[in-house]
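Participant: For reference, the sequence and a predicted model appear below.
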Amino acid sequence: MEKISSWEQEQEWLEQVKEKLKLGIANLEPEVGRLKEQATDIRKRFWEEVTVNTSTEEDFEESFFTITQQNAVLSERERSHARKLQQWKNMKRLLPSPYFGRIDFREDGQNAEEQVYIGVSSFIDEDGLSFVVYDWRTPIASLYYDYPPGKAAFDTPGGRITGTMELKRQYQIREGQLQHLFDSSVTIVDELLQQVLGKGADSQMKSIVATIQAEQNAIIRNDTSRMLIVQGAAGSGKTSAALQRVAYLLYKHRERLTADQIVLFSPNPMFNSYVSTVLPELGEENMQQVTFQEYLETWLGQDYRIEDPFDQMEYVLTRQTDRGYQARLKAIEYKASEAFLRALQGYVQWLKQDGMLLNDICFRDRVLISGEQIKTKLYSYDPSIRLPNRVTLVQKWLLEELARLQKEEQGASWVQEEMNYLDNEQFAKVYGMLHREKGVFDFAEKYLRLQEMLVHKRSLDEGDFDFAEREEELLGEMIVKEQFRPLRRGIKRFTFIDMNGLYRQLFTDEEAYREMTGDAEVPELWPDICGQTKDKLGGNELFYEDATPYLYLKELIEGVRTNTQVRHIFVDEGQDYSMFQYEYLRKLFPRARMTVLGDFGQAIFTQATNLSGVGSPLVQLYGEAETTQYQLVRSYRSTFEIVEFTKPLLPGGEAIVPFERRGRKPVLTKLESNEMKAERIVQDVAKLQADGYTSIAVITKTAAESGEAYASLTAGGAAGLLHITKNTPAFKKGVQVIPAYLAKGVEFDAVLIYDASPQSYTRENERKLFYTACTRAMHMLLLYTTGEWTPFVDGVDPALYELEEH
Ligand SMILES: Nc1ncnc2c1ncn2[C@@H]1O[C@H](COP(=O)(O)OP(=O)(O)OP(=O)(O)O)[C@@H](O)[C@H]1O
């Protein structure tokens, strides 16, 4: 390829590439259509083409051979179709914007330099050999992200390649037209990034492939660590890096890894919808997205009503004057701690010797197998066998016992009675069941004949009589079996273990607790904590802070459920998960690698985990050798002015580096009354909208405050406000009223902090909430109060904001 340098040459090249793409698309189009037809056709005619003949061994072999052959042809067609379709889709995706970057690279020892154009997928020329566009995930493309012009190197499966990057160019191409072109040198800031970040917020996240920064690229491409921990400031691109990483892994391991083997844990369902478009935009399928709460519901939802983290948060933030508040706070902290984790492990050791609580297995108000019997059985096994293994043995024994008791039960008088009262419909049902049961299929056939005989009033001969008896026996068996079904199901679900009692038993007195847990430390206010926990359990409810420990204990006793399919777990907002949750995830997904992204500066939940640094428990999860930690300190979301204002809100915030994108300083407005405040906010929102901002959030501290704000702003004349609650399924563009903890992970053009007074934000746990709320703003941040300012603002240099007092 000739060296392309001027704007005209670039335009010409773009036209050529577009032509090539159009040609490629046109060439493939009929083929894609035809292949699809062919595949459906073969599927349709599959059985017409093969005649199955099993009369002799040869015939059978021949049939088998034809089927296998047909199948192979079909699979190949389908594979080829999938490949071609993918190529075709990729070309169509490239057409409006074929590439976003270019590097000219001269490999050491080579004379010629290569011009490498980079886009969202690869495009190979007609010759089938030369790349017109390189996928951003190819090894050579990493040069674009990792280096300024000059000496550079990249890793390939065959080793490291070194050389010199002569040129690094960025393009903005929209609807096939070249709009801008930037050449970067060592000193120039990333102009494309400037442009991208200057745009408005969207209700859905965008991909960042054109402007991935070197520090983010390292995270995206790390493919060696079992555990990858990213601690990054607000707006530093953690979620973005996570999503591009998913796309990278899917590309790199496309032969082995599929999107459903990757799970992303999201902070709330709304966030799911926010990020759900990024991967499809990159031509990849979405990974599985879940919230931890959904997991808890799956495993415990049948037995308990589980509080969700938002209700817990609301309690922590609003119920300071409640009796027992301090104890609950202590409990939340303790139940998320490593100390409690160890205590539960100690408890299971203790249970190995004694103390298991087991439920009677009852049937028709009778105890069939008593808890005592089960206990005796459990402790009769060799004590060196692990508890869950013994529980499994007991389970097996119980199922056998149940089968025996079921047989015995068949002679009981109630069975006879039931049989007499079977109406036609039930009879038919039982008959139907008999028919379905493979083993009694024959019997059912005979039964039919018997019925027929009865209908035709034929007298029964001796043989028939035997048969009727057998029928009765089988009917009896069916009846008992049906009634025993819940018992069997229960045993399979381990309901013979009194889990509620076992968890509750921990929360008795201090001495007993110590004894059962191998001398675990007891937090302050233990008696109150015990009372609260037991009250909840009594009503078959679980506090959020109890749900994971409860599940953890359950798994330690019953054996761990595992999912070996999943290969990658991503945990976003990772600071909001407790060690318990991590420990649980590690056990649940034994074959998965984990990527945890979070910001301790936004750790608004009491059970937060510090992700990085010395003594981070997260590093211990897989051990230091298997863990890589990254720090992201550059903040991309907010303007320079907003970042400078939010930095001092956090201890250690001075390490955060703003990106050079300028805007207005945050505006702090003090008003005399709530009415005036509402009026002013309504005016400000209108002004922001007039200035072209479309995504605006009035952020409150709690859901309760959101309700108030929504009412007072609506009364103040605001129309069409969106009131966001934990049940809102997806983001929409517009003006929203939203509690800070639901705004986690997302962003808005403008943020209005509804009440920045000391009443809302004073306590240490409110500092991070305040920081989280302020850092949602991309371009404008406005704060309001009717009295004093929160002490967190008092600590900020007044030169960093504009103050208006009315
Ligand atoms: N390299 C990049 N190029 C373009 N935009 C970027 C880049 N990195 C981050 N951004 C943008 O910065 C904003 C913040 O990114 P993201 O939400 O991924 O950050 P985060 O670290 O997860 O933030 P938080 O912790 O506050 O939720 C997004 O609008 C994202 O598109």
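Facilitator: Nice, thanks for sending it over. The structure displayed is predicted, hence computed values, not measured ones.

Participant: residues from the chain in reach of the ligand?
Facilitator: Residues of the chain lying close to the ligand (CB under 6 Å from any ligand atom) are 193, 196-197, 206, 208, 211-213, 216, 232, 234-240, 599, 636-637, 745, 747, 775. Using the backbone N, CA and C atoms, a C-beta is placed for each residue, glycine as well.

Participant: 5 Å instead?
Facilitator: 196, 208, 211, 213, 232, 234-240, 599, 636-637, 745 (CB under 5 Å from any ligand atom).

Participant: quick one: which of those sit in helices?
Facilitator: Among the residues of the chain next to the ligand, the ones falling in helices (DSSP state H) are Val196, Lys238, Thr239, Ser240.

Participant: which ones are touching the third one?
Facilitator: The one in question is Thr239. Applying CB atoms under 8 Å, 6 or more residues apart in numbering, we find Thr239 in contact with Met205, Val275, Asp572, Leu597, Gly745.

Participant: Would you map the strands across the stretch 551-700 of the chain?
Facilitator: 568-571, 593-598, 627-632, 634-635, 657-658, 667-670, 695-700 (DSSP state E, counting those that start in this stretch).

Participant: that older thread, neighbour-wise, which of the contacts of Thr239 leads?
Facilitator: Leu597 (28 neighbours; other CB atoms under 10 Å).

Participant: pLDDT wise, what is that one at?
Facilitator: As summarised for this prediction, Leu597 has a pLDDT of 96.

Participant: and the residue nearest to it when sequence neighbours are not counted, how many neighbours?
Facilitator: The spatially closest residue to Leu597, leaving aside those adjacent along the chain, is Lys238, at 4.0 Å (CB to CB, 6 or more residues apart in numbering). For Lys238, the count of nearby residues is 26 (other CB under 10 Å).

Participant: Am I right that Gly355 is in contact with Ala512?
Facilitator: No. Gly355 is beyond contact range of Ala512, at 10.1 Å (criterion: CB atoms under 8 Å).

Participant: from the protein, which residue is nearest to the ligand?
Facilitator: Here the residue of the chain nearest the ligand is Gly237; by CB to the nearest ligand atom that distance is 2.9 Å.

Participant: got the contact list for that residue?
Facilitator: Ile208, Gln213, Gln216, Leu632, Tyr636.

Participant: swap the cut-off to 7 Å and go again
Facilitator: Residues near Gly237 by CB atoms under 7 Å, 6 or more residues apart in numbering: Ile208, Gln216, Leu632, Tyr636.

Participant: top of the residues you listed by neighbour count?
Facilitator: Within these, Gln216 tops the neighbour count with 26 neighbours, counted by other CB under 10 Å.

Participant: Give the closest residue to that one in space, chain neighbours not counted.
Facilitator: Counting by CB to CB, 6+ apart, Gln216 lies nearest to Ala241, which is 4.5 Å off, once chain neighbours are set aside.

Participant: and the one you found, how far is that from Ala403?
Facilitator: If you measure Ala241 against Ala403 using CB to CB, to the nearest Å, the figure is 55 Å.

Participant: Among those two, which residue is more densely surrounded?
Facilitator: More neighbours surround Ala241 than the other of Ala241 and Ala403, with 26 against 12 (other CB under 10 Å).

Participant: Now that that one has come up, it's in contact with Ala218, right?
Facilitator: No. Between Ala241 and Ala218 no contact is recorded; they are 9.1 Å apart, counting by CB atoms under 7 Å.

Participant: what secondary structure does the most centrally placed residue in the chain sit in?
Facilitator: Nearest residue to the geometric centre of the chain (CA atoms, centre = their mean): Phe265, 2.3 Å. The local conformation at Phe265, judged by DSSP: H, G, I helix; E, B strand; the rest coil, is strand.

Participant: correct me, but it touches Val290?
Facilitator: Yes. Under the criterion of CB under 7 Å, Phe265 makes contact with Val290 at 6.2 Å.

Participant: Dump the longest strand along the chain to PDB, restricted to CA.
Facilitator: Of all the segments assigned as strand in the chain under DSSP state E, the longest by residue count is strand 159-174. Taking only C-alpha atoms (Å, rounded to 0.1, in the frame of the first residue of the first chain), the coordinates of strand 159-174 have been written out as PDB:
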ATOM      1  CA  GLY A 159       6.700 -13.800  21.000                       C
ATOM      2  CA  ARG A 160       7.300 -10.100  21.500                       C
ATOM      3  CA  ILE A 161       7.700  -7.900  18.400                       C
ATOM      4  CA  THR A 162       9.600  -4.600  18.700                       C
ATOM      5  CA  GLY A 163       9.800  -1.700  16.400                       C
ATOM      6  CA  THR A 164       9.000   2.000  15.800                       C
ATOM      7  CA  MET A 165       5.700   3.600  15.500                       C
ATOM      8  CA  GLU A 166       6.100   6.300  12.900                       C
ATOM      9  CA  LEU A 167       2.600   7.600  13.000                       C
ATOM     10  CA  LYS A 168      -0.500   7.400  15.200                       C
ATOM     11  CA  ARG A 169      -3.700   8.800  13.700                       C
ATOM     12  CA  GLN A 170      -7.200   9.000  14.900                       C
ATOM     13  CA  TYR A 171     -10.300   9.400  12.700                       C
ATOM     14  CA  GLN A 172     -13.900  10.400  13.200                       C
ATOM     15  CA  ILE A 173     -15.900   8.900  10.400                       C
ATOM     16  CA  ARG A 174     -19.600   9.300  10.500                       C
END
